[in-house]
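Participant: how does the following fold in three dimensions:
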Amino acid sequence: MDRRITFFTLKEFVAEQMNKQQYEGFTICHLQKSNMTDIRSYEPMRTDSFGMSIILKGTLSMRIGFSEQEIHENMAFLHSPTTIIEFLEMNDDLEMISFMFSLDFAKKIGMFFQGKSSLDFLFDNYLKVFSLREPVVKRFVVYLEHLREVNLSPTPTKHQAEIIKSTFALLNYEIESELMDHVIGQVVLSGRKEKLCLDFITLVVDQFHTHRSVQHYADCLFVSRKYLSRVIKEVTGLSPLQIIEQTLMAEVTAKLRSNFYSISDIMQQLNFSDLPTFSKFFKKNTGQSPILYRKELLT
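Facilitator: Okay, here's the model as predicted:
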């Protein structure tokens with residue numbers, strides 16, 4: 001049975017803190033099991049933001065990028081607007097610090113990611129979980145705490161925008177210097193099956209707007225549909241069709257939650273031939289019609 005993918009905007013995710021911030025485009029928050037009650041376990045979700053979370057204490061079991069991971073102290077995970085994540089289990093003593101920001105904010109402060117910059121590489125290549133040396137964790141926490149303090153200041157301070165931009169840039173440089181070798185090493189060392197899985201997910205994220213056939217992706221990857229299905233299931237626990245439909249569903253849900261797109265716009269952008277076809281797909285994943293879903297959002 002397919003499951004509904006919940007979509008959170010950055011504002012919704014930390015609504016209470018957002019009301020106290022000077023800037024809306026990013027947030028840093030301390031998360032513990034006790035203040036994550038709004039996040040349901042075993043429910044796929046995604047956000048409209050980029051983010052990095054560092055586990056400071058305890059253990060978190062989650063599914064990220066369609067792969068189940070156990071993340072513990074001094075490990076980090078990344079997510080982007082295209083990443084579907086699912087929290088499975090968490091220790092009672094779980095503590096982590098999370099940094100989330102919108103692409104608009106990154107552009108606004110002049111950190112728009114182009115080419116092969118470190119964050120562009122990290123966020124777009126599906127290597128979502130990695131270990132950090134303890135000194136690196138301490139530095140990252142210092143940078144993040146500083147950003148949080150500046151942004152939560154009740155009144156703007158002199159050069160506040162410049163301080164935020166510089167600290168943000170420093171964090172970017174730290175990621176580049178500390179993590180790129182590790183991530184590139186993972187790419188080089190990953191096996192053929194993992195490489196095929198990464199290539200498949202990359203293609204899906206790039207082409208799901210127009211291509212929903214498993215055979216299409218098998219042809220693009222020069223393997224049989226049967227082999228692709230077996231490998232993807234072995235590596236991720238999901239079938240290729242489930243990954244395609246979950247990725248599509250995340251996009252549909254995000255657009256329905258936005259006031260910028262009509263249902264007709266969404267159907268056209270995502271190449272649904274007619275409303276009955278679109279409604280059937282949406283109801284399969286949510287149990288309700290897209291029209292009713294949008295009405296509930298507006299009430």
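
Participant: so where's the stretch 101-250 of the chain shaky on pLDDT?
Facilitator: 109-127, 157, 173, 176-191 (pLDDT under 70).

Participant: isn't residue 52 right up against residue 98?
Facilitator: Yes: Residue 52 lies in contact with residue 98 (CB atoms under 8 Å); the separation is 7.3 Å. (Each C-beta comes from the backbone N, C-alpha and C, glycine too.)

Participant: list the buried residues in stretch 48-57.
Facilitator: Of the residues in stretch 48-57, 48-56 count as buried by neighbour count, 16 or more other CB atoms under 10 Å.

Participant: now the nearest residue to residue 92 once chain neighbours are set aside: how far from residue 60?
Facilitator: Take residue 92 and drop its neighbours on the chain: the residue closest to it by CB to CB, 6 or more residues apart in numbering is residue 33, 5.8 Å away. Residue 33 is 9 Å from residue 60, where distance means CB to CB, to the nearest Å.

Participant: between the two, who's got more neighbours?
Facilitator: Between residue 33 and residue 60, counted using other CB atoms under 10 Å, residue 60 has the larger neighbour count: 22 against 16.

Participant: surely that one forms part of a strand?
Facilitator: Yes: checked against DSSP: H, G, I helix; E, B strand; the rest coil, residue 60 lies within a strand.

Participant: now for the helix or strand where residue 249 lies, which elements pack on it?
Facilitator: Under the criterion of DSSP states H and E, residue 249 resides in helix 240-256. Judged by 3 or more CB pairs under 8 Å, 6 or more residues apart in numbering; DSSP states H and E, helix 240-256 is in contact with strand 6-8, helix 192-207, helix 214-220, helix 225-236, helix 263-269, helix 275-286, helix 290-298.

Participant: give the buried residues for it.
Facilitator: Neighbour-count burial for helix 240-256 flags 240, 242-256 (criterion: 16+ other CB under 10 Å).

Participant: also stretch 280-293?
Facilitator: Buried residues in stretch 280-293 (16+ other CB under 10 Å): 281-282, 285-286, 289-290, 293.

Participant: and it, how far from the chain's centre?
Facilitator: Distance of stretch 280-293 from its chain centroid, counting by CA atoms, centre = their mean, to the nearest Å, is 23 Å.

Participant: look at that stretch and report the distance between its end residues.
Facilitator: Using CA to CA, to the nearest Å, the end-to-end distance of stretch 280-293 comes out at 13 Å.
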